[in-house]
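Student: after the sequence you'll find the predicted model.
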Amino acid sequence: MKTLLLWGDGGVEVARARHEEGALLLLWDGERSATFDAAGIPYRSAATLTAAAQDEIDEAAMAWTKDWGRRPLLDGRSFRELFAWKGVSLWWFAELYLHHSTDAPRHVRVIETVHRILDAETPDEVETIGLAPEDTLLVERTCTARGVLFHGPRRLTRYPSARKVAAVVRESRWNAAKSLLTAAKARLAGTPAPPPGAPAPTALFLSHAAFWKARTEGPAGEYEHYFDRVIPAAAEHGLRPFVVAVGPRAAFRRRGPRDQVADWLRFAADGPYVHINRYSDPRVHREVRRATAMIREGWERLRGLPALLEAFSHRGVAFADLAEHDLAATMLLQLPWAVRCFEEMSAVLASVRPAVVCLYAESSGWGRAAVAACRAASVPTVAIQHGIVYPKYYSQRHAADEADVPVPDATALFGASARRLLVHLGHPRPDSLALTGSPRFDELLERARTCDREALRRRFGAADGQPLLAVASRFRAIRDTHSAIGSALPALVASVRAIGARCVVKPHPAESPDEYRAAIGADDPAISVLPSTADLLDLLIAADALATVESLSAVEALVVGRPVVILNMPTHLGALVDAGVALGVEAGADPEDALRLALTDAETRNALQHARALYLDELALGVDGQATRRIVELLRATAAARPAPFPAIS
């Protein structure tokens, strides 16, 4: 009898004994591999076994989420049909939270993984040691669905989620209280004055408060990370900019009590923008209360329905008992928030009366709410691409029956590859995708032409002739579907020391430098970590190469002609490696050879440069200094046209 033992955690001697008894050990994750290697215990890895199928597993999770919104739940009606607000299906907000912020898609991935393990190993029986309780349940149920004998720790037949549901309910009530407090604070601060009457049409820019930064060079003041050149250019070409910001001033991962107090005190202060909360008047609060009551009543109806047992299942494996709090959070936390965003944006539009709205992150929850409010008010919208577009971009995936999803009237893209990918993902309005290039790319090249590169290199601590490596990527992944650099930093540091290079790390703006410093370890004069607010462009210009995992910095490095090494492959930047414009290093592999080639090998650097010259227009149209002009022209043209009516929900 072939016994397959899925190993999560446990004593080495227990593992050795089970191996000697004839069990095949399969590591559930890679964290124990070094321990098993040191102990000389043979094993296989689930990650290695399913690596070739990872794309299929991710596709299954995305398809499951999409199908969940179509499943009949009550009287033959789906979630998409049951819950709407002022003609907009609330599913467009629920799906983002369900897919990105709950464990339900991860459960689907676990089920898919276990099916593939069973296909590959064909065991007669399966055991588990040290797996998380919910993973143990999913393994057991998948084995049962496949008719494979399972032995494992005795668990409750029903996963206890009542406390998690109660916590969601309490958080929902606290959110309602905060909404009331915000309305009271907005009333005390007074309604923001609308733009003064003028012949120029108003262009409303919707930004995030955390992306406003103080200028370190040139005229004093603040600038917006993504709209920097566009806002003044719009003013110079017949539009009147008006800026509204959402979210806290400090990024959520770095936001502490002091930041919260500062946001409260800054609420009514003059600045480069008006915060969206200033428009959260009593009308907004009443509408949010009305929507919250409707949503809570709907949740109470749904949570006990037999149809949910089928909805929260995959390939014959049910996990509704694991997902009770996921449904609660999706409905009680995400949907009232989405309505609040819609209503606040509606209040902004009524006050400012813009001719066009410009935004980024248009497929996020806030972006969709803003676009939906604009459609309801017949105000056209223009989105500006602000990051990489990749094949597994869930919020940009749209099926043929999703024509009513809120999308902008026009979208300004970096290059042809982004447009092709969005069309492939099912964008409902391909004719609205315009190629403009990126003002940030233009600024990067302009700065590279005019700056003193040697002075920059000295500023970053590089000695004469010493290779300078820039590192820019998130330390921690924002969700399971993304990769980050944290796990690769120790090997990268060892490689930098072996090569004799100078390494400068630019933390992600939303993260603390302390996390990077802790992973790097002991102080090393060859390695330094910049503040999160530091300017990446100067570092890219000074560097000889860039190491990243998933970051727009890869494209920016290519624009300025720097070799790129992508760590922890596979990642969403794999297309750059496939195109020959970047070097890739598999997750867990030693990056020294790739880094040495990118930093010092003339033949490799020339080959990458040649491939870049052929491929750059795919990523960044033109890079000719005209991207800002093209975006402003798109804003003016869109303002002159009326948007199509927003499709109503039947």
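Tutor: Right, received. Where do you want to start?
Student: residues in contact with residue 208?
Tutor: Residue 208 is in contact with 245, 246, 247, 361, counting by C-beta atoms under 8 Å, 6 or more residues apart in numbering. C-beta coordinates here come from the backbone N, C-alpha and C atoms, glycine included.
Student: now for the first one: which residues touch it?
Tutor: Spelled out, that is residue 245. Per C-beta under 8 Å, 6+ apart, neighbours of residue 245: 206, 207, 208, 209, 212, 273, 274, 275, 276.
Student: likewise for residue 506?
Tutor: 470, 471, 472, 530, 534, 536, 539, 553.
Student: what is the burial count for the residue nearest to it when sequence neighbours are not counted?
Tutor: Spatial nearest neighbour of residue 506, excluding adjacent residues (C-beta to C-beta, 6 or more residues apart in numbering): residue 472 at 4.5 Å. Using other C-beta atoms under 10 Å, the number of residues around residue 472 comes to 25.
Student: what's the spacing between residue 472 and residue 178?
Tutor: Using C-beta to C-beta, to the nearest Å, one gets 35 Å for the distance from residue 472 to residue 178.
Student: give me the lowest-pLDDT entry from the contacts of residue 208.
Tutor: Least confident of the contacts of residue 208 in the model: residue 247, at 89.
Student: correct me, but that one touches residue 211?
Tutor: No. Using C-beta atoms under 8 Å, residue 247 makes no contact with residue 211, being 9.0 Å away.
Student: report pLDDT for the spatially closest residue to residue 530 that is not a sequence neighbour.
Tutor: Nearest non-adjacent residue to residue 530, counting by C-beta to C-beta, 6+ apart: residue 506, 5.1 Å away. For residue 506, the pLDDT comes out at 93.
Student: same check on residue 160?
Tutor: pLDDT, residue 160: 63.
Student: picking up where we left off before, ok, so of the contacts of residue 245, who is nearest residue 476?
Tutor: Using C-beta to C-beta, residue 208 comes nearest to residue 476 of the contacts of residue 245, at 19.3 Å.
Student: next SSE after the helix or strand bottoming out on mean pLDDT in the chain?
Tutor: Taking mean pLDDT, DSSP states H and E as the measure, helix 257-265 is the helix or strand of the chain with the lowest mean score, a mean of 62. Sequence order places strand 274-275 as the next helix or strand after helix 257-265, per DSSP states H and E.
Student: for residue 205, helix, strand, or coil?
Tutor: strand (DSSP: H, G, I helix; E, B strand; the rest coil).
Student: correct me, but it touches residue 241?
Tutor: Yes. Counting by C-beta under 8 Å, residue 205 does reach residue 241; the two are 6.0 Å apart.
Student: the stretch 201-350 of the chain: helices as residue ranges?
Tutor: With DSSP state H, counting those that start in this stretch, the ranges of helices along the stretch 201-350 of the chain come out as 230-236, 257-265, 282-302, 307-311, 324-329, 335-352.
Student: hmm, back to that, show me the contacts for the residue nearest to residue 506.
Tutor: Going by C-beta under 8 Å, 6+ apart, the list of residues near residue 472 reads 505, 506, 508, 536, 539, 546, 548, 551, 553.
Student: and the biggest helix by length in the chain, how far out from the chain's middle?
Tutor: In the chain, assigned by DSSP state H, the helix with the most residues is helix 162-189. Offset of helix 162-189 from its chain centre (C-alpha atoms, centre = their mean, to the nearest Å): 25 Å.
Student: and that helix, what does it pack against?
Tutor: Judged by 3 or more C-beta pairs under 8 Å, 6 or more residues apart in numbering; DSSP states H and E, helix 162-189 is in contact with helix 282-302, helix 324-329, helix 335-352.
Student: can you list the buried residues in it?
Tutor: 165, 168, 169, 172, 175, 176, 179, 182, 183, 186 (16 or more other C-beta atoms under 10 Å).
Student: which stretches of the stretch 51-200 of the chain aren't confidently modelled?
Tutor: Residues of the stretch 51-200 of the chain meeting the criterion pLDDT under 70: 154-160, 197-198.
Student: which one of the helices of the stretch 201-350 of the chain lies closest to residue 623?
Tutor: Taking the helices of the stretch 201-350 of the chain one by one with C-beta to C-beta, helix 230-236 is closest: 16.6 Å.
Student: which other residues reach that closest one?
Tutor: With C-beta under 8 Å, 6+ apart, helix 230-236 has contacts from 203, 205, 224, 241, 243, 358, 384, 439, 628-629, 631-632, 635.
Student: can you list the buried residues in it?
Tutor: Across helix 230-236, burial judged by 16+ other C-beta under 10 Å covers 230, 231, 233, 234.
Student: can you put the contacts of residue 208 in a markdown table and add distance to residue 76?
Tutor: Formatted as a markdown table, the contacts of residue 208 follow (distance: C-beta to C-beta, whole Å):
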| residue | distance to residue 76 |
| --- | --- |
| 245 | 43 |
| 246 | 37 |
| 247 | 39 |
| 361 | 35 |
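Student: may I ask which two of the residues you listed are separated the most?
Tutor: 245 and 361 (12.6 Å).
Student: can you count the residues close to the closest residue to residue 508 other than its chain neighbours?
Tutor: Distance criterion C-beta to C-beta, 6+ apart; nearest residue to residue 508, sequence neighbours excluded, is residue 474 at 4.7 Å. Around residue 474 there are 22 other residues, counting by other C-beta under 10 Å.
Student: picking up where we left off before, and the contacts of residue 472, which of them are in strands?
Tutor: Among the contacts of residue 472, the ones falling in strands (DSSP state E) are 505, 506, 546, 548.
Student: highest neighbour count among the residues you listed?
Tutor: residue 546 (28 neighbours).
Student: which residues does it contact?
Tutor: Per C-beta under 8 Å, 6+ apart, neighbours of residue 546: 469, 470, 471, 472, 540, 553, 554, 557, 562, 563, 564, 565.
Student: let's see it at 7 Å
Tutor: By C-beta atoms under 7 Å, 6 or more residues apart in numbering, residue 546 lies in contact with 470, 472, 540, 553, 554, 557, 562, 564.
Student: I'd like the distance between the third one and residue 342.
Tutor: When distances are taken as C-beta to C-beta, residue 540 and residue 342 turn out to be 38 Å apart.
Student: could you list the low-confidence segments of this structure?
Tutor: In the chain (pLDDT under 70), the answer is 30-31, 154-160, 197-198, 216-220, 250-270, 478-482, 522, 622, 642-650.
Student: domain ranges for it?
Tutor: Split into domains by automatic domain parsing, the chain comes to 3-151, 201-278+354-438+625-650, 442-619.
Student: what would those domains look like in TSV with distance to residue 333?
Tutor: Formatted as TSV, these follow (distance: least, C-beta to C-beta, whole Å):
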stretch	distance to residue 333
domain 3-151	7
domain 201-278+354-438+625-650	11
domain 442-619	16
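Student: quick one: which of the ones you listed is nearest residue 330?
Tutor: domain 3-151 (4.9 Å).
Student: chain center to that closest one: distance?
Tutor: 22 Å.
Student: number the residues from 96 up from this point.
Tutor: New numbering, starting at 96: the last item is domain 98-246.
Student: may I have the distance across it, first residue to last?
Tutor: Taking C-alpha to C-alpha, to the nearest Å, the first and last residues of domain 98-246 lie 10 Å apart.
Student: stretch 131-149 now?
Tutor: 24 Å.
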